[in-house]
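J.: Sequence first, then the predicted structure, then my questions.
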Amino acid sequence: MSRVGKMPIPVPDDVDVKIDGDNIKVSGPKGLLSKSIIGNIDIKQEKGQLFVMALDDSRQTRAFYGLVRSLVNNMVVGVTQGFKKALQIVGVGYRAEAKGDRLILTVGYSHPVEFILPKGISAKVSKEGVIEIEGINKELVGDVAARIRKIRPPDAYKGKGIRYLGEQIKLKPGKSAAAKA
């Protein structure tokens, strides 16, 4: 069985967990998340902790055992602390602006690109060109960050574009460098 799945999930006092058949609802200070449990897996709540248990030893249940535990743990962490992803805009004249539920990106196209943020996600833009995406759903935060990065991925020759904060881009040598060799 999964070592990850065996670990108990600590539930803080300000978090309320409701298990209703195959559905689990976690509510906390930052919001409410719900998810349906996949596979032949059961979740029990005892003394401020959640325990994930596999009901059989089939291959598919073993595959979902650690996954379900990680998803439920991410729900508990999301409603208490939330999740953040940071993107950095690199390039002369490249910038971003957050207006309500929209992110307006000027990244080298003939027009500004308008990205509509889904419900539950907020974005902040700093003067240094760092976009911070915040939300309580880890999967949605990562998906939004990936879709924003896809608007203008980093260039392999100059490194211009949108990248994750701290992401290293290996630059290729240009034609002039290859001709001299």
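T.: Okay, I see it.
J.: Which residue lies nearest the spatial centre of the chain?
T.: Gly142 (2.5 Å; CA atoms, centre = their mean).
J.: My guess is it contacts Lys85. True?
T.: Yes: counting by CB atoms under 8 Å, Gly142 touches Lys85, with 6.3 Å between them. Any C-beta I mention is one placed from the backbone N, CA and C, and that applies to glycine too.
J.: The residue nearest to the centre of the chain: which element?
T.: helix 138-151 (DSSP states H and E).
J.: Flag every buried residue along that helix.
T.: Buried residues in helix 138-151, counted by 16 or more other CB atoms under 10 Å: 138, 140-141, 144-145, 148-149.
J.: Gly174 reaches Ala156, doesn't it?
T.: No: the pair Gly174 / Ala156 is not scored as a contact, 10.3 Å apart, by CB under 8 Å.
J.: List of residues touching stretch 122-132?
T.: 84-90, 94-98, 103, 117, 133-135, 148, 162, 165 (CB atoms under 8 Å, 6 or more residues apart in numbering).
J.: Tell me which residues of whichever helix in the chain runs longest come out buried.
T.: Criterion DSSP state H: the longest helix present in the chain is helix 59-80. Across helix 59-80, burial judged by 16+ other CB under 10 Å covers 61, 64-80.
J.: I'm done for today, thanks for sticking with me.
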